[in-house]
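whatever this is, show me its structure:
(2 chains)
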Amino acid sequence: MKLLFKKILVFIFPLFLLVVGMDFYLRNMNSLYKEKVRGLIAHAHEIEILILGNSHAGRGVDPNYFTDYTFNIANVGQSIYFDKELTLKNLKYLENLKYVFISLNYHSLYFSSQRGNRNIWSYYGNGIKYSSTSYYKADISPFLFGYGPRVSFSYLKKDILAKVGINPDEVVAMGTAIQGYVALSGTETNDFNNNSYTDRINGFNKLIKTSTEKKIVMNELNQLITTLKERSITPIFLSTPTFKEYNIKLDSNIINKNLIDAENLCKKYNIEFWDYAINNNFIENEFFNPDHLNKKGAERFSKMLDERLKLYNN
Amino acid sequence: MIFNSIEFAIFLPVIYGLYWFLSNKNLKLQNLLLLSASYFFYACWDWRFLSLIVFSSIVDYIIGLKLSITKNKRKRKILLITSIFVNIGFLGFFKYFNFFSESFAQAFTLLGQPFEASRLNIILPVGISFYTFQTLSYTIDVYRKKIAPTKDIIAFFSFVSFFPQLVAGPIERATNLLPQFYKKRKFDYLIAIDGLKQILWGLFKKVVIADNCAIIVNDIFINYASYSGSTLILGAIFFAFQIYGDFSGYSDIAIGTARLFGFNLMQNFAFPYFSRDIAEFWRRWHISLSTWFRDYLYIPLGGSRGSTNKKIRNIFIIFIVSGFWHGANWTFIIWGALNALYFIPLLLLNRNRANLNVAGEGKVLPSIRETANILITFSLTVFAWIFFRADSVTHALSFIKHLFTNLYIEIPNISGIGRKHIIITCILILIFTIIEWMGREGKYAIEKYSRKWNRGQRWGFYYFILLAILIYCKNQQEFIYFQF
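I've put the predicted structure just below:
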């Protein structure tokens, strides 16, 4: 018996070291979530405009082209729940905040819990927990239960490659996000075809059609808007542009339903909806892929928003 | 609590430590610990259904004792029927009530008498098909006087609920497992190591092979209409590996775990995809269920004795019942019937016992003839699996119809999965098949051949398996056979 335990311990020891080492690496690893929170806290007193939402707003609105100090806290797959929690958690520091852009995309009203393991990944970066997600395992070991070994190894690989000068852009280094913004460069031309549009839209349609969270999202939105209004901060609904050929494939019933929902919300709270989703003014080389603007597109779009905001102010 | 979970990774060493350190000197205490652990293990799913296991155990324990003191044949038969009625009654209610209710309603509607089916919201208790058959085997064997009824209530209850094989088998016979609860178990280092190896291999099959295939299979079977025939073939083949990896993986973990506690469970899978005909496949696939049906259904029906018609009838009965055992759906019945159709020519030609040894026995590679037979048998099996996997008969037929369209070789582009994942899964399946082939003469693939290696090679191999399990453990899917 002793021999068995001894051998098991010897056998497991390298694995134990691997887990401890990886956990240490992952806990100290930088991420877009960490970058954004760090930036937000550091510049809290300057921020006048805050951008919320998922990757569409995260990549599509470049705060550097706004006249007033703007910060982009939107992130990949971020739901309205996390928008709300992030804003309310930091509201006490945001003394000069005047406007909050709340993203309402094709699927925004249909998910509160973030897809995949993002409830846990974002928690590692910004410390915000989702109510129905259990975090005790994720707290014990990010390697085993948070990111999982496959994703962890992939991060480590990217980090090592970046250190030797291969694909350094793929790693979120300290200071990568300027005012919370990281641009997507170039255009993934392979993504501009009917199959790709259908694939993406099917994913969103599936999420929308199987969603049971709309009521929860509406409540979260209600809490966010009410709190902002109480502090005399103006919320504005925003949708970012998507590619015209992609737009044709979107489900018109869902679009109409979204428009009715947005209209009702606007009436209820007396706020505006700046809907750019299907304006079809942006061309292929302004997109990274059919539903994300690239650096160039984000620049033009952000300038448009800034101009409109100036008019709105007047 | 599932085997590939952190909860089980904590549960097992704790029970193992208590079992060998604290209760080693007292057999009753050891059995009591196993019983408590088993009930806790089951209660982690749904404690309410624990009452079903306890009730079945009480009924069969009392009936077993009554059978030992009853000489009257009629009374003995009544006791046996009571046990069958109670056990099959539970199984029938929880598993088949809605199926029969809906099928009757459909039949009446077809006959022009519209009839509303009453559907109950019934939850299927995990493992009910497995422990029901296990406890039934005890009563039947006591009735047949193959085994003496036990007076040791703890041993009997532990036999019915033994946690390694409680929820998905192997379905143990009382003649094999029950006596092991009477004997003092001694710790054996080599057996413990062997058990750990089998657990490791079972986890690899489940986590790396089955769960990886599942992601692809699920998408292909849901969106089959938008894929080419060749993608559907790939989906069906992947399902064959998914179900094998899933179920035989579970069996390996169960057998390995039992070995850690000093118990020997029966082999449940013996490299079925290397079978050279369907008869051989069924001697190698889910052995504990096939032999259960053979002993308690096929042989009492007359087996392969009697007229040709009777033989054919018996084969159809056993395969259809076996299909129906898997689930209350016509797809399983058709799957069973299809296997019966595959089997009958072999029986009629008296070729059903032509391949009793292992393919390519003593050789590195199989002969060309063997290879061809293996591929034909595998193709027939894969085709039958389509019915097993499909949600309904219409789904299966539509899938098969699409199977013969757009047959060209391509690596499919599956939404949200990507070609890279498919290529990696193919490579993993290839590695897995090679390892299984090399170890096909053992009880499980890595049982024998790693013995020839030195420690460095052995540990390197185990680390490779462990690392693969670690890498893929995030894809966690439930074991398919839990639903049965």
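
whichever residue of the stretch 1-150 of chain A sits closest to chain B - how many residues pack around it?
Closest approach of the stretch 1-150 of chain A to chain B (CB to the nearest CB) occurs at residue A:148, with a separation of 3.5 Å. Every residue, glycine included, has its C-beta placed from N, CA and C. For residue A:148, the neighbour count with other CB atoms under 10 Å in any protein chain shown is 21.

state the distance from it to residue B:12.
22 Å (CB to CB, to the nearest Å).

hang on, the earlier thing: just to check, the residue of the stretch 1-150 of chain A closest to chain B is in contact with residue A:117?
Yes. Counting by CB atoms under 8 Å, residue A:148 does reach residue A:117; the two are 7.2 Å apart.

pull the longest helix from chain A.
Using DSSP state H, we find that the single longest helix of chain A is helix A:2-28.

show me how far that helix is from its chain's centre.
Remark: helix A:2-28 is offset 35 Å from the chain centroid, using CA atoms, centre = their mean, to the nearest Å.

between the helix or strand just after that helix and helix A:2-28, how big is the angle?
Next in sequence after helix A:2-28, counting helices and strands by DSSP states H and E, comes helix A:32-42. Using axes from the mean of the first three to the mean of the last three CA atoms, to 10 degrees, the direction of helix A:32-42 lies 50 degrees away from that of helix A:2-28.

for chain A, what lies in contact range of chain B?
Within chain A, the residues that sit near chain B (CB under 8 Å from any CB of the partner chain) are A:1, A:3-4, A:7-8, A:11, A:14-15, A:117, A:137, A:144-145, A:148-151, A:153, A:195, A:199, A:202-203.

show me which of these are buried.
Buried members of those, scored by 16 or more other CB atoms under 10 Å in any protein chain shown, are A:4, A:7, A:117, A:144, A:145, A:148, A:149, A:151, A:153, A:202.

can you tell me which residues contact the second one?
Going by CB atoms under 8 Å, 6 or more residues apart in numbering or on different chains, residue A:7 touches residue B:193.

any idea how far residue A:14 is from it?
Between residue A:7 and residue A:14 the computed distance is 13 Å (CB to CB).

excluding sequence neighbours, find me the nearest residue to residue B:161.
In this structure, residue B:161 finds its nearest non-sequential neighbour in residue B:38, 4.2 Å apart by CB to CB, 6 or more residues apart in numbering or on different chains.

quick check: the one you found touching residue B:158?
Yes. Contact criterion CB under 8 Å: residue B:38 and residue B:158 qualify, at 6.8 Å.

the two - which one has more neighbours?
residue B:158 (26 against 23).

any idea how far the more buried one is from residue B:63?
To residue B:63, residue B:158 is 18 Å away according to CB to CB.

same question for whichever strand or helix holds residue B:338, mean pLDDT?
If you go by DSSP H and E, residue B:338 is part of helix B:330-348. Helix B:330-348 carries an average pLDDT of 95.

can you give me the buried ones in that helix?
In helix B:330-348, the ones that count as buried by 16+ other CB under 10 Å are B:330-340, B:342-344, B:346-347.

same question for stretch B:369-379.
The neighbour-count check on stretch B:369-379 (16+ other CB under 10 Å) flags B:370, B:373, B:374, B:377, B:378 as buried.

so which of these sit within helices?
Counted as lying in helices by DSSP H, out of those, are B:370, B:373, B:374, B:377, B:378.

residue B:135 touches residue B:58, doesn't it?
No. Applying CB under 8 Å, one finds residue B:135 not in contact with residue B:58, separated by 10.4 Å.

near chain A, which residues of chain B show up?
Neighbours of chain A within chain B, by CB under 8 Å from any CB: B:6, B:20, B:187, B:189, B:192-193, B:196, B:413, B:415-416, B:459, B:462-463, B:466-467, B:470-474.

return a PyMOL selection command for the buried portion of those.
Here is the PyMOL command that selects the buried residues among these (16+ other CB under 10 Å):
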select buried, chain B and resi 20+192+193+196+415+459+462+466+470+471+472+473+474
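
which of the residues of chain B next to chain A fall in helices?
B:6, B:189, B:192-193, B:196, B:459, B:462-463, B:466-467, B:470-472.

which among these gets closest to residue B:80?
The closest of those to residue B:80 turns out to be residue B:192 (CB to CB; 39.3 Å).

which SS class is the residue in chain B sticking out farthest from the centre?
Most distant from the centre of chain B: residue B:112, at 40.6 Å, with distances by CA atoms, centre = their mean. Recorded secondary structure, residue B:112: coil (DSSP: H, G, I helix; E, B strand; the rest coil).

before we move on, the earlier item: in three-state terms, label the residue nearest to residue B:161 for me.
helix.

residues in contact with it?
Contacts of residue B:38 (CB under 8 Å, 6+ apart): B:158, B:161, B:162, B:163, B:166.

coming back round to it: including pLDDT, could the ones in helices among the buried residues of stretch B:369-379 go into CSV?
As requested, these are exported to CSV (pLDDT from 0 to 100):
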residue, pLDDT
B:370, 95
B:373, 96
B:374, 97
B:377, 97
B:378, 97
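
need phi/psi at the nearest residue to residue A:295 once chain neighbours are set aside.
Counting by CB to CB, 6+ apart, residue A:295 lies nearest to residue A:183, which is 3.8 Å off, once chain neighbours are set aside. Backbone torsions for residue A:183, taken as degrees, to the nearest 10, come to phi -80, psi 160.

isn't residue A:183 up against residue A:301?
No. Here residue A:183 does not reach residue A:301: they are 11.8 Å apart, not a contact under CB under 8 Å.

before we move on, back to that, between residue B:135 and residue B:58, which has more neighbouring residues?
Comparing residue B:135 with residue B:58 by other CB under 10 Å, the one with more neighbours is residue B:135, at 26 against 15.

relative to chain A, how far out is the more buried one?
33 Å (CB to the nearest CB, to the nearest Å).

for chain A, state which of the contacts of residue B:38 is nearest.
When the contacts of residue B:38 are compared against chain A (criterion: CB to the nearest CB), the nearest one is residue B:163, at 20.6 Å.

contacts only, for the closest one.
By CB under 8 Å, 6+ apart, the residues touching residue B:163 are B:34, B:37, B:38, B:41, B:42, B:257.

try it again with 7 Å
B:37, B:38, B:41 (CB atoms under 7 Å, 6 or more residues apart in numbering or on different chains).

buried residues in the host helix or strand of residue B:180, which are they?
Using DSSP H and E, residue B:180 sits in helix B:174-182. Residues of helix B:174-182 classed as buried by neighbour count (16+ other CB under 10 Å): B:174, B:176, B:177, B:178, B:180, B:181.

surely the fifth one and residue B:266 touch.
No. With contact defined as CB atoms under 7 Å, residue B:180 does not count as touching residue B:266 (11.6 Å).

leaving out chain neighbours, which residue sits closest to residue 289?
You didn't pick a chain, so chain A it is. Distance criterion CB to CB, 6+ apart; nearest residue to residue A:289, sequence neighbours excluded, is residue A:191 at 4.2 Å.

try again with chain B
Closest residue to residue B:289 apart from its sequence neighbours, by CB to CB, 6+ apart: residue B:171 at 5.9 Å.

what's that neighbour sitting at in phi/psi?
phi -70, psi 110.

for stretch B:172-184, what is the average pLDDT?
For stretch B:172-184, mean pLDDT rounds to 94.

just the pLDDT for the residue nearest to residue A:289.
In the predicted model, residue A:191 carries a pLDDT score of 88.

cool, residue A:172 as well?
Looking at residue A:172, its pLDDT is 79.

wait, it touches residue A:33, no?
No. If you go by CB under 7 Å, residue A:172 and residue A:33 don't touch, sitting 9.0 Å apart.

residues in contact with the residue nearest to residue A:295?
Counted by CB under 7 Å, 6+ apart, residue A:183 has contacts A:59, A:62, A:294, A:295, A:298.

that's all I had, so thanks and see you.
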